[in-house]
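> sharing a sequence plus its predicted fold:
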Amino acid sequence: MSISTEIRVEEKLYQNRYVIDSGRAHIRVIAEGAPSANLLAMIKLCPAGCYTLNESGRVEVAPDGCFECGTCRVLCEASGEVEWNYPRGGFGVLFKFG
Amino acid sequence: MVEKFDCIVVGAGMSGNAAAYTLAKRGLKVLQLERGEYSGSKNVQGAILYADMLEKIIPDFREDAPLERHMIEQRFWMVSETSHTGMHYRSDEFNEARPNRYTIIRSQFDKWFSSRVREAGAIVLTETTALELIFDAYGTCVGVRTDREGGIVHADVVVLAEGVNGLLGTRAGLRPSPKPESVALAVKEMHFLPQETIEARFNIKGDEGVVVEVVGSVSQGMTGLGFIYTNRESLSVGMGCLVSDFAKSGVTPYGLLENFKQHPSIKPLLEGSEVKEYSAHLIPEGGYKAMPELCGDGWVVTGDAAQMNNSMHREGSNLAMTSGRIAAEAIFQVKSRREKMTKANLSLYPKMLADTFVIKDLKKYRDMPALLHNNSRNYFLTYPDLVSRAMESYLRVDGTPKREIEKSAFASFRKARGWTGLFGDAFKLARAWR
């Protein structure tokens, strides 16, 4: 089925509640050389669509919509490509239902 | 001045709340750390609550806990692109005075559980992220550094109830980080519908509820499961698959969920609903073989953080609650004897846990994760499709003699997997289930 390519994850995130800690991204991509297969996989795999590929072929992360699930940590922390921390207390996603 | 507690519990999920409540009830001085705005605001689950395990902690929980519906029916569906073959079990015996399973909404339930933890006498510090464990020169864990100002707190023992993606224990080298093949990523939406609509669609009344669990084409060849749980005025609709499978497939989790919702057997159940939240969470899937060491000098680890999830029965929160309670009871015993929280003394916790269903069940299914992960295309695509085709030809009346229908159904199984494959799969499945 081809529906998957048309889904805009931004529309799904719209309903969620977040308290954004401006200027303190809790996840960072440490760019050194070409992105690994795991880091490239995050562009599709991140459930909140936080990972994108920029024009110069680098993977970027904008964790404003992040669920703090840890998928990118599991795939990319070991290689050192992703630096992963939880947001400061009280910040980040706040589930109403969970 | 650095404050000193008997025990610090990191996290306010099922195991953290169970541990903090049990410890505080026994009179210990407990500090619980939670990074969310309130306990529950970071927690995600389907969710089913198992009454027996909560009763052992809070016997009268039914009086005021926010419960959605008690489950009277289970539907297991094996799906192809266009069909489902189902096994349903429904029983009026489940309409009992003290029902066995309930649906809950985690953020709301955990908020209630946390209020009981506070009543029991624990200090619950929310909006506080635990940053790292503190060790003394001998390697004994003596406290936690938090992101509060002057945020160091000391305790005799730290309960790491920090969840599947807990950073403290892994960064301190107490256990490895989860591997992509031992965690599933699940995404979920909350679909709101009028209560009467849910009851009419699922053939239930009052507080009755239904669980629908779906395997087959919806996971697109990955090891995974889809589900619908009926809450009072909403449906929890989700899908989870192994992270390693997702990484290989290039399928987006939200695309997978959207396809699941479009399945002709699922779509009518959700029609007209209003989605009010979209969430995601990791689920430990490694089973017994992925479990780390459960205690050390000055620390214990419980629940998801210790990979305690029975994926074959989709049970996690009850293992979490039980491990939190048992860890607390072990700590209380060590404390009562006025002994130190050493690894040797705290090993009472894994010893006591080994006598419960937690370790016994995890051991029983220890070979299951590897089997399903290595064979996912057969178990999740080939067989569901074969079953569907066999069912269709069995039911479609078009003048083909029955003996020919049966013959061609058998032939299609044999052709798809070969005799060795068929017997091998059946044998391996039976052995892993044993």
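Happy to help now that I have it.
> what's the longest helix in chain A?
If you go by DSSP state H, chain A has its longest helix at helix A:37-45.
> touching, B:Asn231 and B:Gln108? I think so.
No: using CB atoms under 8 Å, B:Asn231 is not in contact with B:Gln108; the gap is 10.1 Å. C-beta coordinates here come from the backbone N, C-alpha and C atoms, glycine included.
> quick one on the thing from earlier: which helices and strands sit right next to the longest helix of chain A?
Helix A:37-45 makes packing contacts with strand A:51-53, strand A:59-61, helix A:71-76, helix B:243-249 when contacts are defined by 3 or more CB pairs under 8 Å, 6 or more residues apart in numbering or on different chains; DSSP states H and E.
> redo the ones you listed as JSON lines? Include mean neighbour count.
Output for these, formatted as JSON lines (neighbours: other CB atoms under 10 Å in any protein chain shown):
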{"stretch": "strand A:51-53", "mean neighbour count": "17"}
{"stretch": "strand A:59-61", "mean neighbour count": "19"}
{"stretch": "helix A:71-76", "mean neighbour count": "25"}
{"stretch": "helix B:243-249", "mean neighbour count": "22"}
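> if we can go back for a sec, neighbour count: B:Asn231 and B:Gln108, which is higher?
B:Asn231 (23 against 18; other CB atoms under 10 Å in any protein chain shown).
> next up, the contacts around that one.
Neighbouring residues of B:Asn231 by CB atoms under 8 Å, 6 or more residues apart in numbering or on different chains: B:68-69, B:103, B:105, B:209.
> is it true that B:Gly143 lies in a helix?
No: applying DSSP: H, G, I helix; E, B strand; the rest coil, one finds B:Gly143 to be strand, outside a helix.
> and it, what's its pLDDT?
B:Gly143 is assigned 97 on the pLDDT scale.
> identify the bridge partners of it.
Counting by DSSP bridges, B:Gly143 forms beta bridges with B:Ile134, B:His154.
> okay but it is in contact with B:Ala155, surely?
Yes: between B:Gly143 and B:Ala155 there is a contact under CB under 8 Å: 5.8 Å.
> what parts of the stretch 151-300 of chain B come near chain A?
Applying CB under 8 Å from any CB of the partner chain, we find that the stretch 151-300 of chain B lies next to chain A at B:164-165, B:167, B:177-180, B:183, B:185, B:187, B:189-190, B:234, B:243, B:246-247, B:250-256, B:258-259, B:262, B:275-282.
> and if we set it to 7 Å?
With the criterion set to CB under 7 Å from any CB of the partner chain, the stretch 151-300 of chain B comes near chain A through B:165, B:167, B:177-178, B:180, B:183, B:185, B:187, B:190, B:243, B:246-247, B:250-256, B:258-259, B:262, B:275-282.
> re the thing from before, overlap in contacts of B:Gly143 and B:Ala155?
Common contact partners of B:Gly143 and B:Ala155 (CB atoms under 7 Å, 6 or more residues apart in numbering or on different chains): B:Ile8.
> tell me where the model's unsure across chain A.
Along chain A, segments meeting pLDDT under 70 span A:1-6.
> show me what contacts the most centrally placed residue in it?
With distances taken as CA atoms, centre = their mean, the residue of chain A nearest its centroid is A:Cys50 (3.4 Å). With contact set as CB under 7 Å, 6+ apart, A:Cys50 has these partners: A:61-63, A:65-66.
> how far away is it from A:Ala78?
Taking CB to CB, to the nearest Å as the measure, A:Cys50 falls 19 Å from A:Ala78.
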